[in-house]
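1. Quick one: sequence and predicted model below, then my questions.
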Amino acid sequence: MKRSFTSRTGGWPAYGSFGLGLVIIFWILNWSLPGIRTHWGFFPLWLGYCLTVDALVFVRKGHSLLTRGPEAYVALFFISAPAWWLFEVINWRMQNWFYIGEEHFSDLEYFFLSSLSFSTVMPAVFGTAELVGTFKWIGKMKYGFKLPVNPPAPAILFAAGWIMLALMLVWPLYFFPFVWMSVYCILEPTNVWLGNRSLLQDVAGGDWRPVIALWSGCLICGFFWEMWNYYSYPKWIYRVPFVDFLHVFEMPLPGYLGYMPFSMELFALYHLVTGLLKPGQEQNYLQFLPDEKNSGS
């Protein structure tokens, strides 16, 4: 019997098989071929990951990012690329990571190929966070500490974000970790003031489940990013002051902590962009909890 997108669970969709095939093929190619290959192998590998994860979500709860809104899903790729370029621009000052093999490309080629790769970040993180949210352990989490969000709170957070950004740009050697907090602290209050969706709405009521889902999803993506990068070429490597030890692939173990606030920055960036593009529209496309209903926007 054919299942609808709104059913409680769904059968394995064809695009999931296509995605899994992409992962297998381009994982093998990206790790085995000689010479430069990641510039054309990274995007299909991560597209395959995104589709596979989305298919798993669909199987577990009957709807997913792709099936709830195909146009919104495609938009994730277009929003994702400039979002990650923001962090690349900041890194020009910090120099915490750099790319081996970029010298093989012209500036225009590098920009295009990098943007194509960066476009998979949001679909991967949000899809994995939604997959995490399908498991019972997160659905059964009790409400925790209620973070008070009174009128001065967004202003304090906003000011703290700009202070962190300034410290990071002036003294990057000591304040480089602020790249994974400052952007969120600036954007989250902006979303509150504009009436966009924000994580503060959840934690104000003591519901930390969306945050936990985002943290978990981004850590899982971080593992795959670093693992698939390890035998790639071109590839990225790190130069992180004070914590350059206990490497798991190229990343120092303490560096994985940065993926947690990074996921919140992606969430804030996405809702700022969609809020500006479609002001006044309810922002309920991202659904990280197992009991949320199907929605298409």
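-> Sure thing, it's come through. Residues are numbered from 1 along each chain as shown.
2. Kindly provide the whole-number mean pLDDT of stretch 269-287.
-> What stretch 269-287 shows for mean pLDDT is 94.
3. Enumerate every residue touching residue 258.
-> Going by C-beta atoms under 8 Å, 6 or more residues apart in numbering, residue 258 touches 177, 179-180. All C-beta spots, glycine's among them, are computed from the backbone N, C-alpha and C.
4. What is the nearest of the residues you listed to residue 16?
-> If you rank the contacts of residue 258 by distance to residue 16 using C-beta to C-beta, residue 180 comes first, at 31.5 Å.
5. other SSEs contacting the helix or strand harbouring the closest one?
-> Residue 180 belongs to helix 179-194 when assigned by DSSP states H and E. Identification of packing neighbours for helix 179-194 by 3 or more C-beta pairs under 8 Å, 6 or more residues apart in numbering; DSSP states H and E yields helix 70-94, helix 152-170, helix 199-203, helix 259-277.
6. For it, buried residues please.
-> For helix 179-194, burial by neighbour count (16 or more other C-beta atoms under 10 Å) applies to 179-192.
7. Redo those residues as JSON lines? Include pLDDT and distance to residue 224.
-> Formatted as JSON lines, the buried residues of helix 179-194 follow (pLDDT from 0 to 100; distance: C-beta to C-beta, whole Å):
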{"residue": "179", "pLDDT": "94", "distance to residue 224": "21"}
{"residue": "180", "pLDDT": "94", "distance to residue 224": "19"}
{"residue": "181", "pLDDT": "95", "distance to residue 224": "23"}
{"residue": "182", "pLDDT": "97", "distance to residue 224": "26"}
{"residue": "183", "pLDDT": "97", "distance to residue 224": "23"}
{"residue": "184", "pLDDT": "97", "distance to residue 224": "23"}
{"residue": "185", "pLDDT": "97", "distance to residue 224": "27"}
{"residue": "186", "pLDDT": "98", "distance to residue 224": "28"}
{"residue": "187", "pLDDT": "97", "distance to residue 224": "26"}
{"residue": "188", "pLDDT": "96", "distance to residue 224": "27"}
{"residue": "189", "pLDDT": "96", "distance to residue 224": "32"}
{"residue": "190", "pLDDT": "97", "distance to residue 224": "31"}
{"residue": "191", "pLDDT": "96", "distance to residue 224": "28"}
{"residue": "192", "pLDDT": "94", "distance to residue 224": "32"}
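8. and the one residue sitting closest to the centre of the chain, helix, strand or coil?
-> In the chain, the centroid-proximal residue (C-alpha atoms, centre = their mean) is residue 125; its distance is 3.6 Å. Under the three-state scheme (DSSP: H, G, I helix; E, B strand; the rest coil), residue 125 adopts helix.
9. Contacts only, for it.
-> Shown in contact with residue 125 (C-beta under 8 Å, 6+ apart): 214, 217-218, 221, 263, 266.
10. are any of these buried, and which?
-> 214, 217-218, 221, 263, 266.
11. Can you give the distance of the helix or strand harbouring residue 28 from its chain's centre?
-> Residue 28 is part of helix 14-32 when elements are defined by DSSP H and E. Helix 14-32 sits 20 Å away from the centroid of its parent chain (C-alpha atoms, centre = their mean, to the nearest Å).
12. try stretch 36-48
-> Using C-alpha atoms, centre = their mean, the offset of stretch 36-48 from its chain centre is 17 Å.
13. now it: mean pLDDT?
-> Per-residue scores along stretch 36-48 average to 97.
14. how about it as CSV, C-alpha atoms only?
-> C-alpha atoms of stretch 36-48 as CSV (Å, rounded to 0.1, in the frame of the first residue of the first chain):
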residue,chain,number,x,y,z
ILE,A,36,43.0,16.3,-7.3
ARG,A,37,39.5,15.0,-7.1
THR,A,38,37.7,16.4,-4.0
HIS,A,39,36.7,19.6,-6.0
TRP,A,40,34.3,17.5,-8.0
GLY,A,41,33.7,14.7,-5.5
PHE,A,42,32.7,16.6,-2.4
PHE,A,43,29.3,17.9,-3.6
PRO,A,44,27.9,14.6,-4.8
LEU,A,45,29.2,12.8,-1.7
TRP,A,46,27.5,15.3,0.6
LEU,A,47,24.4,15.5,-1.6
GLY,A,48,24.2,11.7,-1.1
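15. Can you name the residues in contact with it?
-> For stretch 36-48, using C-beta under 8 Å, 6+ apart, the contacting residues are 18-27, 29-30, 101, 104-105, 113, 116-117, 119-120, 124, 228, 232-235.
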